[in-house]
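Engineer: Can you look at this prediction? I've put the sequence above it.
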Amino acid sequence: MRSRRNTFTFHQKKKRITSKLIREIFSWIFVTLLAIVIATALVFAFGMQVKVIGDSMQPTLKNGQAVLIDRALSKIISPKTGDIIVFLPNGNVNSHYYVKRIVATPGDKVQIIDGSLYVNDELKMEDSDLYDKMEDAGIAANPIKLQSGEYFVLGDNRNSSEDSRSANIGIVKSGMIVGKAWFKLKFEDYRGGPILNHY
């Protein structure tokens, strides 16, 4: 008896270039380009990274620690007391970035008396509880009235900080502010890699 042999034939359909396929390719190209544009805009707005120089912000920020800056929203929403900002003193682009905390905003009166911070003639009790007494009042030994767009900043490590008390830095004007600290990179997780801490 003659055995039948099963023969399988595979027919591969040839793909034809149709208008539907062309539309699909162009839609993928458009989506990819749009994603690149959005990513670029986000990097420009939020992606700036600044390293802290010195120990003036300890224990909040350590020397060499990286901070991500929000450059967009800080231009729309004015910084407030307690915010950590990044600025160039006197707008000097050749200077390194300074990272300090805002302690007084436009309209406030600032003075340092016996090492303690007074804003609008009131002792900042929470400030006294958190930070050391200041050995040098600098220009804030006399009352300073902040005008529109002016901010008074201090480092968290008050006795090891060059800030608004120093004549060469002084009052920080809004035009000097690069942005508000958004995230700090922390290098102490168990894997040894950076993690983000939101402010």
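Structural biologist: Thanks, I have the structure now.
Engineer: Below-threshold pLDDT in the chain: ranges please.
Structural biologist: For the chain, applying pLDDT under 70 flags the ranges 1-15, 40, 42-47, 186-199.
Engineer: Which residue ranges make up each domain of it?
Structural biologist: For the chain, automatic domain parsing gives the domain ranges 16-46, 49-198.
Engineer: how far is the first one from where the chain is centred?
Structural biologist: What it means is domain 16-46. Relative to its parent chain, domain 16-46 has a centroid offset of 29 Å by Cα atoms, centre = their mean, to the nearest Å.
Engineer: Stretch 148-163 too?
Structural biologist: Distance, centroid of stretch 148-163 to centroid of chain: 17 Å (Cα atoms, centre = their mean).
Engineer: Give the full set of residues in contact with residue 160.
Structural biologist: Counting by Cβ atoms under 8 Å, 6 or more residues apart in numbering, residue 160 touches 54, 55, 56, 58. (C-beta placed from N, C-alpha, C; glycine too.)
Engineer: Considering those residues, which possesses the most neighbours?
Structural biologist: residue 56 (22 neighbours; other Cβ atoms under 10 Å).
Engineer: how close does that residue get to residue 143?
Structural biologist: As defined by Cβ to Cβ, to the nearest Å, residue 56 lies at a distance of 24 Å from residue 143.
Engineer: now residue 84
Structural biologist: Residue 84 is 25 Å from residue 143, by Cβ to Cβ.
Engineer: who has more neighbours, those two?
Structural biologist: residue 84 (21 against 12).
Engineer: so who does the more buried one touch?
Structural biologist: Residues near residue 84 by Cβ under 8 Å, 6+ apart: 57, 60, 61, 67, 99, 100, 101, 102, 180, 181, 199.
Engineer: Setting aside sequence neighbours, what's the nearest residue to residue 55?
Structural biologist: Spatial nearest neighbour of residue 55, chain neighbours left out: residue 63 (5.2 Å); criterion: Cβ to Cβ, 6 or more residues apart in numbering.
Engineer: contacting residues for residue 101?
Structural biologist: 57, 60, 82, 83, 84, 85, 153, 154, 155, 156.
Engineer: and the residue nearest to the first one when sequence neighbours are not counted, what helix or strand is that in?
Structural biologist: Distances taken as Cβ to Cβ, 6+ apart place residue 156 nearest to residue 57, at 5.0 Å, with adjacent residues excluded. Secondary structure assigned from DSSP states H and E places residue 156 in neither a helix nor a strand.
Engineer: what's the next secondary structure element after the lengthiest helix in the chain?
Structural biologist: For the chain, the helix that runs over the most residues, judged by DSSP state H, is helix 19-46. Proceeding N to C from helix 19-46, the next assigned helix or strand is strand 48-51, under DSSP H and E.
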